[in-house]
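> here is the input, now give the coordinates:
(one chain, ligands or ions: 1)
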Amino acid sequence: ESGSVVTTPEVLDQAWLTPVQIGTPGQTLNLDFDSGSSDLWVFSSSTPASQSRGHSVFSPGKSSTAKESPGYTWSITYGDGSSSSGTVYTDVVDVGGLSFPSQAVETANRVSPEFTQETNLDGLLGLGFSTINAVKPTAQNTFFDNIKSDLNQPLWTVDLKHQEPGTYNFGNINSSLHTGEIHYAIVNTRRGFWTFTATSYSVGGAIGGSITGIADTGTTLALLPTAVAKAYYSKVPDALYDNSQGGYVFPCAASLPDFTFTVGGGEITIPGNYINYAPLTPGSKTCFGGIQGNTGIGEVIFGDVALKSAFVVFENSGDTARIGWAKK
Ligand SMILES: O=C(CNCCc1c[nH]c2ccccc12)Nc1scc(-c2ccccc2)c1C(=O)NCc1ccccc1
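Residues are numbered from 1 along each chain as shown. Next comes the predicted model:
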């Protein structure tokens, strides 16, 4: 079988949210599909009202198929310092018509302010590898790992678009969603991420070396090796690294060069205008870059700024995992 669901960008393409039905009768929550983590967690009836105000919540008590997983807990802290934690149920989860009857649904007993203030986000649906699922004492499977054997092909695809709705597909490649050929690279799953290597990159004609990083639908920006970010902004007049902002900034009027990287023998280009991420504050004439260095992060992250420039295939046949990139 296969399934397809529309995903909608938040303001500034900060995240994309996708409707998911949980429980019986189905309770619809808008989740951030996240290939950079591996937990399906939701705002719930156990989340204090002061933290869940404005959000849709999952109420296991209203679902005839919800089953508590006694003694199971989870707690996650992300690199931006945001966090959430709670307990675990199993229940039916439906994504784009694909349904798994006993998906681990991690209900939040608390969430940090970053999540509270993102009122359209009702939780995350992890699409990383289940090896880094945060449930204790026993790690749980992601939705993709649970349904993979029922899919026509063991893959999911993402087509994020700048400031307009896109699509997540499970189990098939919809060839109308891409124009160029799909170029595949082998994925190293050791860290639990979709880690791949771009064999080269170029900025304004200057060619650079290889970049190994993760494909992360849950991180907004492209956090690239410090030297790569430096090389990029050396081509942007009046760009500078602003310590107080924690990144490269430049005049919003600047025309930014494209950033091209080669993966699986094919070229993907992030258009310069995607790299002009946003004014520091609404109306400011100084803008923050969509490419930043990854100093102190310990990961190189090809986040949404990179992913929305392509049609991307995440395939895991069991013994090998691959990532495919195509122009669109
Ligand atoms: O966690 C994810 C994907 N889910 C994000 C969900 C999420 C976290 N706040 C959210 C807020 C709203 C919506 C979703 C999220 N990716 C990875 S892999 C390695 C790191 C990392 C490790 C150490 C240090 C830094 C990053 C991260 C990371 O923390 N990214 C978020 C981020 C955010 C801001 C800046 C850098 C990285």
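> the ligand contacts on the protein?
15, 32, 34, 36-37, 78-80, 82, 114, 118, 121, 216, 218-219, 297-299, 301 (CB under 6 Å from any ligand atom). (Each C-beta comes from the backbone N, C-alpha and C, glycine too.)
> number of nearby residues for the one residue in the stretch 1-150 of the chain that gets nearest to the ligand?
The ligand sits closest to residue 79 of the stretch 1-150 of the chain, with a gap of 2.0 Å, by CB to the nearest ligand atom. Neighbour count of residue 79, defined by other CB atoms under 10 Å: 14.
> so residue 107 lies in a helix, does it not?
No - read with DSSP: H, G, I helix; E, B strand; the rest coil, residue 107 is strand and lies in no helix.
> next helix or strand past the helix or strand bottoming out on mean pLDDT in the chain?
When the helices and strands of the chain are scored by mean pLDDT, DSSP states H and E, strand 206-208 comes last with a mean of 93. Reading on from strand 206-208 to the C-terminus, the next helix or strand found by DSSP states H and E is strand 211-215.
> can you name the element that comes right after that following strand?
strand 222-224.
> what's the closest non-adjacent residue to residue 280?
Spatial nearest neighbour of residue 280, chain neighbours left out: residue 286 (5.1 Å); criterion: CB to CB, 6 or more residues apart in numbering.
> please disregard the earlier target; I meant residue 192.
Using CB to CB, 6+ apart, the nearest residue to residue 192 is residue 132, at 3.2 Å.
> with adjacent residues omitted, what lies nearest to the residue of the stretch 1-150 of the chain closest to the ligand?
residue 297 (6.1 Å).
> same question for residue 278.
residue 12 (5.0 Å).
> how close does that neighbour sit to residue 277?
7 Å (CB to CB, to the nearest Å).
> any idea how far stretch 46-65 is from the middle of the chain?
Distance of stretch 46-65 from the chain centroid (CA atoms, centre = their mean, to the nearest Å) equals 23 Å.
> cool, stretch 154-174 as well?
Worked out by CA atoms, centre = their mean, stretch 154-174 lies 12 Å from the chain centre.
> for it, measure first residue to last.
End-to-end distance of stretch 154-174 (CA to CA, to the nearest Å): 14 Å.
> likewise for stretch 273-288?
Counting by CA to CA, the terminal residues of stretch 273-288 are separated by 12 Å.
> residues in contact with it?
Residues from elsewhere that reach stretch 273-288 (CB atoms under 8 Å, 6 or more residues apart in numbering): 12, 162, 220-221, 232, 245, 247-254, 256, 259, 289-291, 305, 308-309.
> beta partners for residue 77?
Counting by DSSP bridges, residue 77 is bridged to residue 83.
> rewinding a little: for the residue nearest to residue 278, give me phi and psi.
phi 60, psi 20 (degrees, to the nearest 10).
> now the contacts of stretch 273-288: which count as buried?
Among the contacts of stretch 273-288, the ones that count as buried by 16 or more other CB atoms under 10 Å are 220-221, 232, 247-250, 254, 256, 259, 289-291, 305, 308-309.
> can you flag which of those residues belong to helices?
232, 305 (DSSP state H).
> which one of the buried ones among the contacts of stretch 273-288 sits closest to residue 206?
Proximity of these to residue 206 (CB to CB) peaks at residue 232, which lies at 9.6 Å.
> name the element residue 278 belongs to?
In the assignment (DSSP H and E), residue 278 maps to strand 276-279.
> pairing partners for that strand, with directions?
Strands that pair with strand 276-279, judged by DSSP bridges, come out as strand 286-289 (antiparallel).
> for the ligand, what's the nearest residue on the stretch 201-328 of the chain?
For the stretch 201-328 of the chain, CB to the nearest ligand atom, closest residue to the ligand: residue 218, 3.1 Å.
> what about that residue, neighbour count?
21.
> name the element residue 19 belongs to?
Here residue 19 is assigned to strand 16-22, by DSSP H and E.
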